[in-house]
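1. A structural model of the following input is requested.
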Amino acid sequence: MKSNKKIALFGGTFDPIHIGHTKVAKAAVKKIGAQALIYIPAKRSALKTKPQASDQDRLNMIKLAIKDVEHFHVSDCELKRSAPSFTLETVRELKKRLGRNPDIYWLLGADTVRELPRWFGILDLIDECNLTCMYRAGFDPPDFSQYEALFGRQRVEKLEKNIIKTPLVNISSTEVRQRCADDIDISGLVHPDVAEYIHRHSLYQK
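-> Below you'll find the model as predicted:
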């Protein structure tokens with residue numbers, strides 16, 4: 001893929017990817033003015049349990065969910081590395097791969113704000129990319145002022161500058177998995193092709 005000036009990276013387990021993941025991504029890309037967005041499924045987050053679906057299934061579902069969205073892509077770079085995945089390593093790898101020193105925006109949800117002090121190399125990460133925090137339904141608006149002593153005033157100002165308001169979509173992957181386990185319809189929560197894929201491969205069954 002040709003390198004662009006502004007590239008948004010959206011990491012997560014995507015277990016599975018749902019309508020909320022694509023809706024907020026579209027809004028974020030528009031507000032940032034990014035030329036492209038890359039979904040990056042994690043092999044396993046250092047702060048989360050192992051995904052239920054396989055690496056390949058999660059990758060396949062992302063491809064189905066974004067197949068009709070122009071300038072949306074997916075990278076398996078973290079799936080190829082040993083778990084857990086570290087965002088700082090991914091940002092550095094993608095910068096080298098994209099070339100021309102792209103302006104990287106790493107999208108994260110308001111629910112992850114409380115975990116940031118535990119992220120690997122968090123100070124370097126804030127310095128090397130734009131950590132872009134999106135609003136999320138059910139969580140307070142992002143507040144980084146509590147981390148001034150940890151991160152320093154300049155980094156907090158950078159984080160605050162990159163807060164963006166995105167649609168509050170009250171859907172979670174946990175809810176989708178639970179519905180599948182209970183044999184409840186998931187249409188409207190995920191892309192129709194993703195729903196069909198989950199059904200065909202009997203994912204998230206009890």
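2. per-residue confidence at the closest residue in space to Ala42 that isn't next to it in sequence?
-> Counting by Cβ to Cβ, 6 or more residues apart in numbering, Ala42 lies nearest to Ser85, which is 4.2 Å off, once chain neighbours are set aside. Using the backbone N, CA and C atoms, a C-beta is placed for each residue, glycine as well. On the pLDDT scale, Ser85 is placed at 76.
3. burial measure for Ser85, as a count.
-> Residues lying near Ser85 (other Cβ atoms under 10 Å) number 21.
4. taking the mean pLDDT, what do you get for stretch 187-196?
-> On average, stretch 187-196 scores 96.
5. All the helices of this structure, in order from the start?
-> Taking DSSP state H, the helices of the chain run over residues 19-32, 55-66, 87-98, 122-128, 148-151, 153-161, 173-181, 192-200.
6. List of residues touching the last one?
-> Contacts of helix 192-200 with the rest of the structure, by Cβ atoms under 8 Å, 6 or more residues apart in numbering, involve 16-18, 57, 60-61, 64-65, 67, 180, 186-187, 189-190, 203-204.
7. go again using 6 Å as the cut-off
-> Applying Cβ atoms under 6 Å, 6 or more residues apart in numbering, the contact partners of helix 192-200 are Met61, Leu64, Ala65, Ile186, Ser187.
8. before we move on, back to that, of the helices of the chain, which approaches His73 most closely?
-> helix 55-66 (7.6 Å; Cβ to Cβ).
9. Against which helices or strands is the closest one packed?
-> Here helix 55-66 touches strand 36-41, strand 72-74, helix 192-200, going by 3 or more Cβ pairs under 6 Å, 6 or more residues apart in numbering; DSSP states H and E.
10. got the ones you listed as CSV, with mean neighbour count and distance to Arg136 columns?
-> Output for the helices and strands packed on helix 55-66, formatted as CSV (neighbours: other Cβ atoms under 10 Å; distance: least, Cβ to Cβ, whole Å):
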stretch, mean neighbour count, distance to Arg136
strand 36-41, 24, 17
strand 72-74, 19, 20
helix 192-200, 16, 20
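11. what would these look like in JSON lines with distance to Leu108?
-> Shown next, in JSON lines, are those (distance: least, Cβ to Cβ, whole Å):
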{"stretch": "strand 36-41", "distance to Leu108": "12"}
{"stretch": "strand 72-74", "distance to Leu108": "17"}
{"stretch": "helix 192-200", "distance to Leu108": "22"}
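12. Any idea how far apart the tips of stretch 61-74 sit?
-> Using Cα to Cα, to the nearest Å, the end-to-end distance of stretch 61-74 comes to 10 Å.
13. my bad, should have said stretch 97-105
-> End-to-end distance of stretch 97-105: 15 Å, with Cα to Cα as the criterion.
14. where's that stretch relative to the chain centroid, distance-wise?
-> Its chain's C-alpha centre and that of stretch 97-105 lie 18 Å apart, by Cα atoms, centre = their mean, to the nearest Å.
15. Just the buried positions in it, please.
-> Leu98, Pro102, Asp103, Ile104, Tyr105 (16 or more other Cβ atoms under 10 Å).
16. if we can go back for a sec, pick the most deeply packed of the helices of the chain.
-> When these are scored by mean count of other Cβ atoms under 10 Å, the highest mean neighbour count falls to helix 55-66 (a mean of 20).
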